[in-house]
Each structure stands twice: as structure tokens, then as C-alpha cells.
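>>> predicted model, plus sequence, below.
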Amino acid sequence: MKAITAVLTAVPLIVGLAGVVGGPALVAGDHGMVNASTDSEFRFLSAAWLSMAPLIWTALPRAHDRPATLRIIGAGIVVGGLARLCSWHRLGRPQAMMVAGAALELVGVPALLVWHTRIVRRLRRDGSLVETKSHTGLHGAS
């Protein structure tokens, strides 16, 4: 699970970096001009995607005994996918790259989170994992 997650995390790293550097012009099929505010927001959100990769990579070594971090990041990604669906409903179907992104966010990420939860539960049940609590009380929460 950790290896697959680490590899898949390259997607937001690459897409985020490309969006920061290239801006909205990178969206396939979108050759129109956007205003400065839209360009600014696109690049900012691309930086958020870019920052997600190191967050996930940092959380992976302790993902089984501190699952809350991955769950919070995953929940944020799922909310992003739901936002894409709202846009799709309001403005129409986006181009294929955005549909693929929504599929990863709404199917792939929840599947990884379910898989991770099953692993954590099995490890706890088998006694291979001792739940740890941080000073914030977030880590190790089920």
C-alpha cells in the first residue's frame, strides 16, 4: 500500500509543478485567455497540489500507526473531486484530463483509504501495531 501510494503521489507533484510554471494554458483544449485572477488562483491551487506530495511522502513511513494524517489529506482530495463534480454539473463536462482527475479523486483515493484502514485494523487486531497518540490527539485516531 505504501509503495503504491508513494508512486501515485508523483501525480500531484508533476501536475502541480506544471500548473505553477505553465498556468491555465496547460489545460488541454483551453486556448482562450483567462483573466489575471483566474490565472493567479490556478497557479496557487497548483502549488497546493505540488505541496501535497511531500506531505504524503512524509506521512507514509508512519502511516499505519498514525493513520489520521493520510486520512485528512485523502479527505481533502475527495472534497476537491466533489468540487469538480459541482463544476461539471453547473458548466458541463470538462476535458478528459479533468475527468481522469475526478476519477482518481473520487474512486482511487477512497479505495486507497479503505485499503489502508483495513491494514491498520488487521495490524491492531493481530497486536502488531500499538496505537500512538500525539500531543494534538489527531494521530492514531480511527
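Great, that's in hand.
>>> any idea which element Met33 lies in?
If you go by DSSP states H and E, Met33 is not part of any helix or strand.
>>> please read the previous query as pertaining to Trp49.
Trp49 belongs to helix 36-59 when assigned by DSSP H and E.
>>> from the chain's centre, how far out does that helix sit?
Relative to the centre of its chain, helix 36-59 is centred 10 Å away, using CA atoms, centre = their mean, to the nearest Å.
>>> name the residues that touch that helix?
With contact meaning CB atoms under 8 Å, 6 or more residues apart in numbering, helix 36-59 is reached by 5-6, 9-10, 12-13, 15-20, 23-24, 34, 66, 69-70, 73, 77. Every C-beta, even on glycine, is put in place using the N, C-alpha and C of the backbone.
>>> tell me what the host helix or strand of Met97 is packed against?
Following DSSP H and E, one finds Met97 within helix 96-103. Helix 96-103 sits against helix 68-91, with contacts defined as 3 or more CB pairs under 8 Å, 6 or more residues apart in numbering; DSSP states H and E.
>>> so for the helix it packs on, mean pLDDT?
The average pLDDT within helix 68-91 is 94.
>>> which other helices and strands contact that helix?
Right, helix 68-91 is packed against helix 36-59, helix 96-103, helix 109-126 by 3+ CB pairs under 8 Å, 6+ apart.
>>> circling back: weed out the non-buried ones from the contacts of helix 36-59.
Buried members of the contacts of helix 36-59, scored by 16 or more other CB atoms under 10 Å, are 5, 9, 12-13, 15-16, 19-20, 23-24, 66, 69-70, 73, 77.
>>> before we move on, back to that, okay, buried residues for the helix holding Met97 please.
For helix 96-103, using 16+ other CB under 10 Å, the buried residues are Met98, Gly101, Ala102.
>>> now render the residues you listed as TSV, adding distance to Trp88 and pLDDT.
Output for the buried residues of helix 96-103, formatted as TSV (distance: CB to CB, whole Å; pLDDT from 0 to 100):
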residue	distance to Trp88	pLDDT
Met98	8	88
Gly101	11	90
Ala102	7	94
